[in-house]
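S.K.: the amino acid sequence is not available; the structure is as follows:
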């Protein structure tokens, strides 16, 4: 990308949300607000007239620049919300003991006019498979619950350098859901079960479950998730937030617990697209990601061509929502055509065997850097002898299959991965070329299923696979609800089209305006979510 376009997009990060949402600070202060402007209600999202549910990073930065808000106040508000709200959902494993010191340092930089960029002073939660030298990094497993890693993951180094406040660690599906044949998303031996904030007995989807649930409950401004196939975009959709799976290689995987170097990526999650884009700019070291001015103005969808992959197998309620979504996008000037990307059966047949070989290689390399089991065989033995690892489900069939899988040097494996790369890229490239598309859209998730350790997940969700296997970007934005449960619209495009996809996502988000705060309902009837 040319320097001129990078500069233009970077500038748009600050301008666009102000044009779309108005002047910062127009939220009314609640009648029961205290003298300092913060609400006295337990768990309130109001802070000095700012609604944490809806405020964006540029709005927060504008207030911090004026001196009407500090990072310390913002960070303390999120810490208080975690204490008040998180017992309902168990999304946050731990908070950083240095969070308030980090915020105070940011406040000094703001007062001196020496801020490090748009994330300076912004509280960020990390998925617990991202290395931090000052907090445990467990991937949800008690096998890694001892001494923290020796150094931060590369992406954490970038966040700290940008002035972000590392607020804490979010729970996750143990080993990113790559342990048992019938796992329960959102459960880990270290953190227990994360619940969906919208309906508490429903699942948050995996494996960035804690990151997504925490954002839905407004326990941080942004969060970091990771994905191999669906683990950012499905939790984002199922918890009613935004999640971006970047193009493979855009964000460093160094220091992140792996499944497969051929598909793994960390990515940003937030309650809106602009915060997601700003965070991606920091994670990638490139200021080029962000909705453009044109995307966030009325008419930003006009002339855009979107291919809708409906996937009616996800249920009648989801299919009806996709039809309504298509109608709303057409009314905004987009051209929506129905598509079915090819080669999906073959991708489904090849992906899992390839991941088994890659997991064995990559987890052995990671474990060699940590205290605890030193390789996959040692990890299997650990799980057999530690009852805490069996409290929801005892299975570790995927570990055992990976241990017996062909080496990544085996010609059979190499042929599988080569075919996967070819077919997954063709499935997107050919579909977009045939219909002259700006993006392919599909449902990101079904309505959340009831969490059940004995049954495991009910998560056959094919929409994430083409982009995940191809290494192409995908973005989930809230589309609406089936009953009380959120459903996301998944957008995908070609390699390194992250900036264009985020711009399109911002326009879709503005048109659909589908986000609403969770109500923490204990349960709902199953027929209310079809």
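M.R.: Looks like it arrived, so ask away. None of the values given here were measured: they were computed from a predicted structure.
S.K.: where in this protein is the helix or strand with the lowest mean pLDDT?
M.R.: With mean pLDDT, DSSP states H and E as the measure, the helix or strand of the chain carrying the lowest mean pLDDT is helix 3-21 (a mean of 38).
S.K.: how about low-confidence regions in the stretch 201-350 of the chain?
M.R.: For the stretch 201-350 of the chain, residues meeting the criterion pLDDT under 70 lie at 288, 290-299.
S.K.: rewinding a little: and the following helix or strand past the least confident helix or strand of the chain, what does it pack against?
M.R.: Sequence-wise, the next helix or strand downstream of helix 3-21 (DSSP states H and E) is strand 46-47. Strand 46-47 sits against helix 71-89, with contacts defined as 3 or more C-beta pairs under 8 Å, 6 or more residues apart in numbering; DSSP states H and E. Where C-beta positions appear, they are placed from N, C-alpha and C, glycine not excepted.
S.K.: can you list contacts of the helix it packs on?
M.R.: Applying C-beta atoms under 8 Å, 6 or more residues apart in numbering, the contact partners of helix 71-89 are 38, 42-43, 45, 47-48, 52, 60, 64, 92, 95, 99-100, 102-104, 106-107, 110, 120-123, 165, 167-168, 194-197, 200, 213-214, 217-221, 520.
S.K.: what mean pLDDT does that helix get?
M.R.: Helix 71-89 shows a mean pLDDT of 98.
S.K.: mind listing what's buried in that helix?
M.R.: 71-79, 81-82, 85-86, 88-89 (16 or more other C-beta atoms under 10 Å).
S.K.: what of stretch 331-339?
M.R.: So for stretch 331-339, counting by 16+ other C-beta under 10 Å, buried means 332, 334-336, 339.
S.K.: off-centre distance for it?
M.R.: 26 Å (C-alpha atoms, centre = their mean, to the nearest Å).
S.K.: first-to-last residue distance for stretch 255-263?
M.R.: 15 Å (C-alpha to C-alpha, to the nearest Å).
S.K.: quick one: distance of it to the chain centre.
M.R.: Using C-alpha atoms, centre = their mean, the offset of stretch 255-263 from its chain centre is 16 Å.
S.K.: what comes into contact with that stretch?
M.R.: 129-131, 137, 139, 144, 149, 151-156, 175-176, 178, 226-229, 248, 253, 264, 266, 354-355, 358-359, 362-363, 365-366, 417, 421, 468-469, 471.
S.K.: make a ChimeraX selection of the buried ones in those.
M.R.: Here is the ChimeraX command that selects the buried residues among the contacts of stretch 255-263 (16+ other C-beta under 10 Å):
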select :129,130,131,137,139,144,149,152,153,154,155,156,175,176,178,226,227,228,229,248,253,264,266,354,355,358,359,362,363,366,417,468,469,471
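S.K.: filter the contacts of stretch 255-263 down to the ones in helices?
M.R.: Cross-referencing the contacts of stretch 255-263 against helices under DSSP state H gives 154-156, 354-355, 358-359, 362-363, 365-366, 417, 421, 468-469.
S.K.: what's the closest of those residues to residue 319?
M.R.: Residue 319 lies nearest to residue 468 out of the ones in helices among the contacts of stretch 255-263, by C-beta to C-beta, at 22.6 Å.
S.K.: quick check: that closest one touching residue 474?
M.R.: Yes: with contact defined as C-beta atoms under 8 Å, residue 468 reaches residue 474; the gap is 7.4 Å.
S.K.: need the overlap of contacts for the two.
M.R.: Contact with both residue 468 and residue 474 is made by residues residue 245, according to C-beta under 8 Å, 6+ apart.
S.K.: do a quick rundown of the strands in the stretch 351-500 of the chain.
M.R.: Assigned by DSSP state E, counting those that start in this stretch, the stretch 351-500 of the chain shows strands spanning 439-443, 474-482, 485-492.
S.K.: for residue 239, find the nearest of these.
M.R.: For residue 239, the closest of the strands of the stretch 351-500 of the chain is strand 485-492, at 6.5 Å, according to C-beta to C-beta.
S.K.: list the contacts of residue 199.
M.R.: Contact partners of residue 199, counting by C-beta under 8 Å, 6+ apart, are 448, 484-485, 521-524.
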